[in-house]
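Participant: I would like to see how this sequence folds:
(one chain, ligands or ions: 1)
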Amino acid sequence: MPLTSESLAISRQFCCIDDISLIKRVVISLQSGLVVILGSGAGTMSLAVLETRPTLTIGLLTVDHKEESLAYERESWKAACKENPFNVVQSLKDSSQAGRDFTRSVDFLVIDSDHTEWGVEKDLRAWMKHIKTNGHIMLHDYTDIYPGTKISADRMLVEPMWKVITTEGWSRLYQKVR
Ligand SMILES: C[S@@+](CC[C@H](N)C(=O)[O-])C[C@H]1O[C@@H](n2cnc3c(N)ncnc32)[C@H](O)[C@@H]1O
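Facilitator: Sure, this is the predicted structure:
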């Protein structure tokens, strides 16, 4: 049986089933564009994207500062029979540096890298400007276990530009409304 994002979530516990469902719902709503995941980890979230994207015109970029995490993510794709997926790129970089170097627009950004207040602030500063109008940010670990994540998000992802769409699993989903 090929690996699935749900079984990986249960075994590695980097995210929960409700996080996976939320990612899949957002990706299914896209017809084209770019999904970016900061923090490859076990590849759970990226596998959810690969399982769901309705067309291969949806690109995926995953970023991690550890080569071992990127290698682990590739192993997960392989175990899920999605080896060398089309239109998918991995980047070995600090997640905020990747945002500062980035020049494209993003439809859906998942932040799950440095969970400190300063780390999340740096990621948001570097990536917020790349999100398209009506695009989404999913901030993972928006929970009391990671107070820094909440503090930075509550300070930076505010109206009128950002709207909270839902808080599910361990995540909060925002939409850029203007
Ligand atoms: C909780 S894990 C991510 C889990 C992953 N999203 C998944 O679906 O399995 C966090 C990852 O973020 C990476 N990370 C932490 N700080 C980072 C930073 N400043 N830049 C890039 N990656 C970072 C870690 O190496 C680790 O792989």
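
Participant: Now stretch 58-75: buried residues?
Facilitator: Within stretch 58-75, the residues scored as buried using 16 or more other CB atoms under 10 Å are 58-65, 69-70, 72-74. Placement of C-beta: from N, CA and C, glycine included.

Participant: just the residues of this structure that are near the ligand, which are they?
Facilitator: 14-15, 39-45, 63-66, 69, 94-95, 112-114, 119 (CB under 6 Å from any ligand atom).

Participant: For the buried residues of stretch 58-75, name the two members farthest from one another.
Facilitator: Taking every pair in the buried residues of stretch 58-75 and measuring CB to CB, the maximum separation is 24.7 Å, between Ile58 and His65.

Participant: ok, how many other residues are close to the closest residue to the ligand within the chain?
Facilitator: Closest contact between the chain and the ligand, by CB to the nearest ligand atom, is at Gly41 (2.2 Å). Gly41: 23 surrounding residues under other CB atoms under 10 Å.

Participant: Please, which helix or strand holds the residue most central in space within the chain?
Facilitator: Nearest residue to the geometric centre of the chain (CA atoms, centre = their mean): Val110, 2.2 Å. Here Val110 is covered by strand 106-111, with elements defined by DSSP states H and E.

Participant: which residues touch the helix or strand containing Glu68?
Facilitator: Here Glu68, judged by DSSP H and E, is contained in helix 67-79. If you take CB atoms under 8 Å, 6 or more residues apart in numbering as the criterion, helix 67-79 is touched by 2-3, 8, 39-44, 46-47, 50, 62, 64, 83, 85, 90, 92.
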